[in-house]
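In: How does the following fold in three dimensions:
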Amino acid sequence: MTAIERLLGAPAGTPVRRAIDLLVTDDWTTPALRAPLQALGTTRAASPLVLVHDHTYDPGTYQGEERERAVRLLHERDAFVGTYDATLLAREGIQHHVLPAAGYVRPGDVVVGNDSHAPTLGAFGAAAFAAQPTTFAACMHTGHLPLVVPHTVGVELRGRLAPGVSARDAMLTLLSRLRDDGTGLPVACGRALEFFGDGVGSLSASERAVLANAAPEATAITAVFTPDARTATPAGEAGTFAALRLDLDRITPRVARGGSASDVVALDDLAGDRVDQVFVGTCSGGTVEEIAAFADALGPRSRVPAWVAPASREVARRLDESGVLARLVRAGVTVLPPGCGPCFGFGPGRLGPGARAVTTGNRNAAGRMGAADAEILLASGRTAGRAARTGRLGATGAGGRGTEAGACAPSRSRPGLQRPRHGNALLLHGTVTTDDLTPSAVPGVGTSADGDPAVLRRLLFHHLLPESARPQVLDALDGGVVLADGVFGVGSNRASSVRALRAAGVQAVVARGVAPVYLAGARDEGLPVLTLAAPDAFQRVAPDSVVRVDPDAGRVWIDGHAFEAAPPPAYDRALYRAGGVLAYLQPEAEPTGVAR
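Out: Down below sits the predicted model:
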């Protein structure tokens, strides 16, 4: 059996309802839990519950609307902890690093996190799953996670990383290998990633966490390192295990170009490109190894504004004791408290219009860290240090193109959008991220943490639609269907990415592939999402097309032509018929914490 089959106790493809060992939420996503928990009548969590305050800093750090938001988030946090008797971990750092170090996560645990990077905990032997807020609320209410045991993509690690190369470079290389299965969809879409092989032993715990952190960007449902991963070779049932090999000693410095974490090229191919800003931190880059490598490569002075946010208080302590933090301050770097920092475009380090940033973060969708036209390049700490020292991406001169713009241009731009004219179908081309659906923060409009449907409707497709076209397109979506010829819902687990579509009146989503967190979240919100493998189906969609969807039967009609979608599991069909998990759980008026 594969690791995930052992952890969940059933073969791949089997529906299970697994007891949850730990529930984890945070300060930014917790407000989205209020409405579903009130609808369920939940008064206590049915499983151990922890709230980690890691996304935002003290309100005094922010100004204007952001300060008001930070104050409200503090009130929401305290009310939630008091109401549901959650354990509060505040100002300790990012949950995926703090929880294992504090002993909250053990090998074999099933963890559900209200954060898309929850699978990072798989580096410590847990089966960790991200959930959108309504899914998380249902898990709080019942104490169980319903899912179909996923098939597995194995990643055999061999050798050890060469000097000057980090786990971040390995992560980016892996994402590029998982980018396309030959049909245009990610190799690991909806599957589990399992890491094994002799190369595991050469990695520290934090380096393993960096690799596990790739799961949501690879559209995998989770990632697992098992306790015996250093020597074991998984042997799954036929059809449940497909493996690829990653030779760590052959990894070279890599960069993901703006727009997609898997659009990865060699650093040398981009050498000489202008850099305006650098950020080193996040759950995939705020480690001791990455920040120390950044400091070594930076030297005595940063040429561009630079921020560093350690992943945890323990990371900050170790860097302080070694003198790294003092060196960074002398070099003009702003050292932030432990936490997520500028990763999601809120507060210090927010990117301005036209800026180009190098970051050790995990996402680079348009608008992710600020302005919609800012460019985000993902790299290692060492690469970020060189960029901060020179104001260029890598070394200029021989081997570099030395251009002011263009060399970093992504191979994938933002999703294309075909607007409905007289039909009811909005067609999106390419990969669609949750940042494309609803940006995390748009000044003067709102944030993805807003619960007001009117605000969410204004955020919908904010970076994809011209302001002049927005009213007509949103009006046309009322009663309509959204189609996507690529993978849909990649990235953050934010509830707004589903709720905004509901607020616009969208009846269903049909896509060639769907990120698993989005698929479960939409189902639980009562928004049917079907996967339709046939690429020719999407080629039929025109501005005047009329699309009809039967989610119970898994059938889609485009201008009268019928297409068979992947049949939803029985549990999903039951939720579609009920109108979502809240309606499904309510009719029997169950006592809080008792699973249906």
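In: Tell me, how many residues neighbour Gln38?
Out: 11 (other CB atoms under 10 Å). Heads up, the C-betas are built off the backbone N, CA and C, glycines and all.
In: nope, Pro337 is what I meant
Out: Around Pro337 there are 14 other residues, counting by other CB under 10 Å.
In: what about the longest strand in this structure?
Out: If you go by DSSP state E, the chain has its longest strand at strand 481-490.
In: And the helices in the stretch 151-300 of the chain?
Out: Here the stretch 151-300 of the chain has its helices, by DSSP state H, counting those that start in this stretch, at 167-177, 205-212, 288-298.
In: quick check: angle from the first one to helix 205-212?
Out: Spelled out, it's helix 167-177. 20 degrees (axes from the mean of the first three to the mean of the last three CA atoms, to 10 degrees).
In: Report the rounded mean pLDDT for helix 167-177.
Out: For helix 167-177, mean pLDDT rounds to 97.
In: Does anything pack onto it? Which helices or strands?
Out: helix 205-212, strand 241-247, strand 254-256, strand 264-266 (3 or more CB pairs under 8 Å, 6 or more residues apart in numbering; DSSP states H and E).
In: for the shortest one, same thing?
Out: Applying 3+ CB pairs under 8 Å, 6+ apart, one finds that helix 205-212 contacts helix 95-101, helix 167-177, strand 192-196, strand 222-225, helix 288-298.
In: Name every strand pairing with the longest strand of the chain and say which way it goes.
Out: Sheet pairing for strand 481-490, assigned by DSSP bridges, gives strand 425-429 (parallel), strand 432-433 (parallel), strand 508-514 (parallel).
In: average pLDDT across the first one?
Out: Which is strand 425-429. In the prediction, strand 425-429 has an average pLDDT of 96.
In: isn't there a strand covering Ala562?
Out: Yes. Counting by DSSP: H, G, I helix; E, B strand; the rest coil, Ala562 is found in a strand.
In: Run a quick neighbour tally on it.
Out: Counted with other CB under 10 Å, the neighbours of Ala562 add up to 11.
In: excluding its backbone neighbours, what's nearest it?
Out: Once flanking residues are discounted, Ala562 sits nearest to Arg555: 6.1 Å by CB to CB, 6 or more residues apart in numbering.
In: Make JSON lines from the strands paired with strand 481-490 and add distance to Asn364 and mean neighbour count to it.
Out: As requested, those are arranged in JSON lines below (distance: least, CB to CB, whole Å; neighbours: other CB atoms under 10 Å):
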{"stretch": "strand 425-429", "distance to Asn364": "19", "mean neighbour count": "23"}
{"stretch": "strand 432-433", "distance to Asn364": "10", "mean neighbour count": "29"}
{"stretch": "strand 508-514", "distance to Asn364": "20", "mean neighbour count": "25"}
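In: and Arg177, which of those is closest to it?
Out: Comparing the strands paired with strand 481-490 against Arg177 with CB to CB, the closest turns out to be strand 508-514 (17.1 Å).
In: closest one to His55 among the helices of the stretch 151-300 of the chain?
Out: Using CB to CB, the helices of the stretch 151-300 of the chain put helix 205-212 closest to His55, at 18.0 Å.
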